[in-house]
Structures are given as structure tokens and as C-alpha cells.
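Enquirer: sequence? don't have it. structure:
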């Protein structure tokens, strides 16, 4: 099968009608992340999506043909589109390379949650670059000749083949391993859901050290230690007003997002200016502040 595959990357996922929110999302993912990532590692590979197929014919048949013949398939699981899940199943059954992607926060179905998927987002500084780096690494590995496809279907086939020639004691061991594997998969799904919640509430420490600290130092033109403060305010307040107060006080906004009834700002400030954070808080009207926390990241990081 591998020798018959065309040098083509077929992208599946929700597309939607022209100018719809779903189409805007699909175009943003295709043009902003997938196409430039694949072109970086495979400049001559053709990258297409179902709505970009120019050949006349029945669209369902054309999609299946692309799923069969493309060297690589990238599937977007965002919105859990039924057609995309069906197309993923076809690709898994064919035992050919596929990469899953999903918008950060998507709760993946159990049957595919254990299959590695690349999360993407545009909420924080560096999110798009992080997703592109991950996709390039995954695709480069997947396109190597020695790559072995691993998905739920190939695993099931392997178990069937093993069972057909295994002795009774070996089957008992395999049953125990299957039960253990199912438990591990459920734990991985639960952990992924918990991590999504934590990442939505608090920026990850490693990202803080790698991105936020140097960015804050650069913006404030300082080599001193940098501290981080996390402030939540009512989300019916004009974000521009809050941003202006923070910036005029000498702080740097490293990220922001909305959660429930609050808007959160991740603020960096010169750690040697102990009064700066208090100055920012004094300028913010008391009735709009929902939460204030210090990130335990003060100090100098290399």
C-alpha cells in the first residue's frame, strides 16, 4: 500500500458554508498552521481539503479516494464532526499514516482520546508557533519510511492475530494486558481533561520560563528578576481600560483570556519594583476585581 500512495496531504475536518464561523476556523487552521508546516518539511507535497478538490464527480467518492491514496491525512477533531470521525475510521482501517489535531479544550471521544492528538490555540502568545512546531515534528516522523502505523484498528488486528496462535496461558496474559491498557487509556483521558482545565485557569510554568520571562524583560528593558501577577476582573468591563491601566503603570500584559464571568490578565512586572503590582491594583476599581494571585515565579531564570 505504501508504494501506491500519492505525495499528497489530505486534510479532513469541519468545513462549513462560505463565510460561516466553521469555514473561517477551517481556513485559519489550513492556511495558518497546516499548509506552512507541511511545506516546511515536504515542499513538493500537495496539500488539499475536500472543498478544494477540482475534479468533477460525487464528493463522497472523491473523499474516500483521497483517504485511500494520500500519503498523509491530517484530521481536525474540533467540533467532533461526524464526517471527520467517519473519515478517520476509514484511514485507521487502511493502516496508513494519519495525524489528529484538535482545538485546545475539545473533549475528545474515548475511542480516539488515547491516540495522540496535537492541540492548537490562538489565545496565548506563541500558541500558533507551538502548534506548527509540533505538527512539523509529527509529520516528519510519520513520513519516514521506517514509520510503523499504530492506531486502535492496528492494535485490534494484532490482538486477533496473536489470539489465533496463542496458547491458553498466553491468551490469559493478553486478556490481563488488554484490561490494563483500557484502564491506562481511561486514566489518560481523565488526566487530559484535568490538564485542559488547569491550562485554561493558569498559564503553564514552563511556558512562563521560556516565553513570558524573556518577553517581560525585553518589554521593560530590564535584566532584573521578573515577577508575575494573575488578575481576574469582571468580563463586562472594557478590556481596553484595564490594559491601559496596566501598561501605564509599567506592567506588561503577557496573556489574557475569558473564563466564566471573569476576564483574566497575566501581568509581568520588574521584580525589583516591589510597589508596582500594588500600584496597578490601587488603580483598578475595587468592585471589578474578582481574583488576584501571585505566580510563584519571582527570581532570575536563565
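Expert: Yep, that arrived. Small disclaimer: the values here were computed from a predicted structure and weren't measured. Residues are numbered from 1 along each chain as shown.
Enquirer: domains in the chain, as residue ranges please.
Expert: 6-151, 166-201, 227-293 (the TED database).
Enquirer: where does the stretch 51-200 of the chain have low pLDDT?
Expert: Scanning the stretch 51-200 of the chain for pLDDT under 70 picks out 54-59, 151-164, 166, 170-171, 174, 177-200.
Enquirer: which residues of it fall in strands?
Expert: Counting by DSSP state E, counting those that start in this stretch, the stretch 51-200 of the chain has strands at residues 70-76, 98-103, 117-120.
Enquirer: Redo those strands as CSV? Include mean neighbour count and distance to residue 44.
Expert: The way it works is simple: take the backbone N, C-alpha and C, and place the C-beta from them, glycine included. Conversion of the strands of the stretch 51-200 of the chain to CSV gives the following (neighbours: other Cβ atoms under 10 Å; distance: least, Cβ to Cβ, whole Å):
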stretch, mean neighbour count, distance to residue 44
strand 70-76, 24, 11
strand 98-103, 21, 19
strand 117-120, 22, 23
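Enquirer: between those, which gets nearest to residue 150?
Expert: In terms of Cβ to Cβ, the element of those nearest to residue 150 is strand 98-103, at 10.6 Å.
Enquirer: and the closest one with strand 70-76, angle?
Expert: 20 degrees (axes from the mean of the first three to the mean of the last three Cα atoms, to 10 degrees).
Enquirer: Could you name the helices and strands sitting against strand 98-103?
Expert: strand 70-76, helix 82-94, strand 117-120, helix 127-142 (3 or more Cβ pairs under 8 Å, 6 or more residues apart in numbering; DSSP states H and E).
Enquirer: Between those, which shows the greatest average number of neighbours?
Expert: The highest mean neighbour count among the helices and strands packed on strand 98-103, using mean count of other Cβ atoms under 10 Å, belongs to strand 70-76: a mean of 24.
Enquirer: Could you list the residues in contact with it?
Expert: The contact list for strand 70-76 (Cβ atoms under 8 Å, 6 or more residues apart in numbering) reads 5-14, 26, 29, 34, 38, 45, 67, 84, 87-88, 91, 96-102, 135, 139, 142-143.
Enquirer: Using a markdown table, lay out the helices and strands packed on strand 98-103 together with distance to residue 244.
Expert: Converted to a markdown table, the helices and strands packed on strand 98-103 look like this (distance: least, Cβ to Cβ, whole Å):
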| stretch | distance to residue 244 |
| --- | --- |
| strand 70-76 | 37 |
| helix 82-94 | 42 |
| strand 117-120 | 30 |
| helix 127-142 | 24 |
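Enquirer: Quick check: phi and psi at residue 49.
Expert: Backbone torsions of residue 49, given as degrees, to the nearest 10, read phi -130, psi 160.
Enquirer: So residue 145 versus residue 86, what's the distance?
Expert: 29 Å (Cβ to Cβ, to the nearest Å).
Enquirer: Let me know the secondary structure of the closest residue to residue 16 other than its chain neighbours.
Expert: Using Cβ to Cβ, 6 or more residues apart in numbering and skipping residues adjacent in sequence, the residue nearest residue 16 is residue 22, 2.8 Å away. Secondary structure, DSSP: H, G, I helix; E, B strand; the rest coil: residue 22 is helix.
Enquirer: And for residue 9?
Expert: Per three-state DSSP, residue 9 ends up strand.
Enquirer: tell me, how many neighbours does it end up with?
Expert: 26 (other Cβ atoms under 10 Å).
Enquirer: Over to the one 3 residues further on?
Expert: Burial of residue 12, expressed as a neighbour count using other Cβ under 10 Å, amounts to 26.
Enquirer: so what's the closest residue in space to residue 42 that isn't next to it in sequence up against?
Expert: Among residues not flanking residue 42 along the chain, residue 143 sits closest, at 6.6 Å (Cβ to Cβ, 6+ apart). By Cβ under 8 Å, 6+ apart, the residues touching residue 143 are 41, 42, 71, 72, 97.
Enquirer: Output those residues in a markdown table, with distance to residue 176 appended to each entry.
Expert: Shown next, in a markdown table, are those (distance: Cβ to Cβ, whole Å):
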| residue | distance to residue 176 |
| --- | --- |
| 41 | 40 |
| 42 | 42 |
| 71 | 37 |
| 72 | 36 |
| 97 | 31 |
